[in-house]
Every structure is written in structure tokens, then in C-alpha cells.
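Student: this is a predicted model, with the sequence first.
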Amino acid sequence: MRAVVQRVRKAKVEVKGDNIGEIGQGILIFLGVGKGDSERDAEYLAEKIVNLRIFEDEKENMNLSVLDIKGEALAISQFTLLGDCRKGRRPSFTEAAQPEAAKVLYEKFIEFLGKKGIQPKTGRFQAMMDISLINDGPVTILLDSKKLF
């Protein structure tokens with residue numbers, strides 16, 4: 001399971017022009033589910049993300065988590081994070097989980113975030129979405145539950 005976490009001042013997701021989720025200061029999470037991922041991967045990433053110290057303290061050091069600042073979260077499913085571009089010019093998505101399995105784990109990830117103190121807004125699974133954000137910093141972190149990077 002892979003995640004791209006961006007520290008944002010605000011973010012919004014729209015489907016067909018309808019605003020379906022919007023947050024203020026916090027984190028925007030793009031989540032990709034791979035073949036062989038499990039609930040354990042979802043829980044690992046949820047725990048890691050809510051405790052990432054990527055917000056500045058009073059000394060301007062990145063020392064606070066989204067929980068510490070009482071920030072918000074927006075979680076978007078994005079299978080393209082599993083795209084493999086090592087060969088050729090068209091990404092291969094053979095390592096992405098099938099939609100049915102991916103949806104279950106995406107929803108588990110959302111549930112785990114809630115259990116850890118963050119009730120995220122979400123996108124719509126398998127929908128074409130327009131995401132807008134104001135990246136704060138910018139701060140962008142890449143995470144992989146298999147610790148590949």
C-alpha cells in the first residue's frame with residue numbers, strides 16, 4: 001500500500017462539479033492499494049500518517065502531527081500510485097489491487113484513521129475527481145507499507 005501525504009492549508013475534492021469533501025489546515029492523502037495488501041498495511045499507514053511530525057511548532061521545527069494541531073484530513077483513493085514506469089513509456093498497473101479488494105482496504109484505511117483520532121473527508125472510489133489544494137510548504141511525503149522507500 002502506498003500513500004502520498006501532502007501538508008495543506010486547504011483541499012477540496014469535486015465529482016462532476018459537486019463538492020464532496022473539503023478541509024482546512026491538515027493533510028491530503030492519496031492512497032494506492034496493491035495486490036497482496038492487507039488490513040495490516042492499512043493500519044500501519046494510518047498509524048504512521050496521523051503521527052507524522054510534519055507541522056511546525058513554535059520554533060518553526062517540523063515537530064507536530066496532524067493530531068497535535070487538531071488538523072483535518074482528506075483521503076483520496078488513487079490506483080495510479082502503483083503504476084510501474086520502469087519499462088517503456090506507458091505505466092503498467094498490474095501491481096494495483098482489483099477494484100473490489102482495493103475498495104475494501106481503502107474503506108478499512110478510513111476506518112483506521114477514525115480510530116486513531118482523525119475523521120477524514122473522502123473522495124469517491126473509482127470516480128473521476130478534481131482535487132484542488134494549497135500545499136503548505138510544500139511538504140510532500142511518500143510512504144509505502146512494505147517500506148520500499
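Tutor: Arrived safely, thanks for sending.
Student: the helices in this protein, which residues?
Tutor: 39-50, 99-115 (DSSP state H).
Student: and the last one, what other elements does it pack with?
Tutor: Okay, so that is helix 99-115. helix 39-50, strand 72-77 (3 or more Cβ pairs under 8 Å, 6 or more residues apart in numbering; DSSP states H and E). C-beta here means a position set from N, CA and C on the backbone, and glycine is covered the same way.
Student: next one: the first one
Tutor: In this structure, helix 39-50 makes packing contacts with strand 2-15, strand 26-32, helix 99-115, strand 130-144, judged by 3+ Cβ pairs under 8 Å, 6+ apart.
Student: deepest of the ones you listed, which one?
Tutor: Highest mean neighbour count among these (mean count of other Cβ atoms under 10 Å): strand 26-32, with a mean of 25.
Student: how near is the closest residue to Pro99 other than its chain neighbours to Leu133?
Tutor: Once flanking residues are discounted, Pro99 sits nearest to Gln126: 6.0 Å by Cβ to Cβ, 6 or more residues apart in numbering. Distance, Gln126 to Leu133, using Cβ to Cβ, to the nearest Å: 21 Å.
Student: just to revisit the earlier point, okay, the helices and strands packed on helix 99-115 in JSON lines with mean neighbour count next?
Tutor: Shown next, in JSON lines, are those (neighbours: other Cβ atoms under 10 Å):
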{"stretch": "helix 39-50", "mean neighbour count": "19"}
{"stretch": "strand 72-77", "mean neighbour count": "23"}
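Student: how close does Glu47 get to Lys115?
Tutor: 10 Å.
Student: what's near enough to touch the closest residue in space to Leu133 that isn't next to it in sequence?
Tutor: What sits nearest to Leu133 in space, not counting adjacent residues and going by Cβ to Cβ, 6+ apart, is Ala11, at 3.9 Å. Ala11 makes contact with 22-23, 26, 28, 74, 131-134, according to Cβ atoms under 8 Å, 6 or more residues apart in numbering.
Student: do that again at 7 Å, thanks
Tutor: Counting by Cβ atoms under 7 Å, 6 or more residues apart in numbering, Ala11 makes contact with 23, 28, 74, 131-133.
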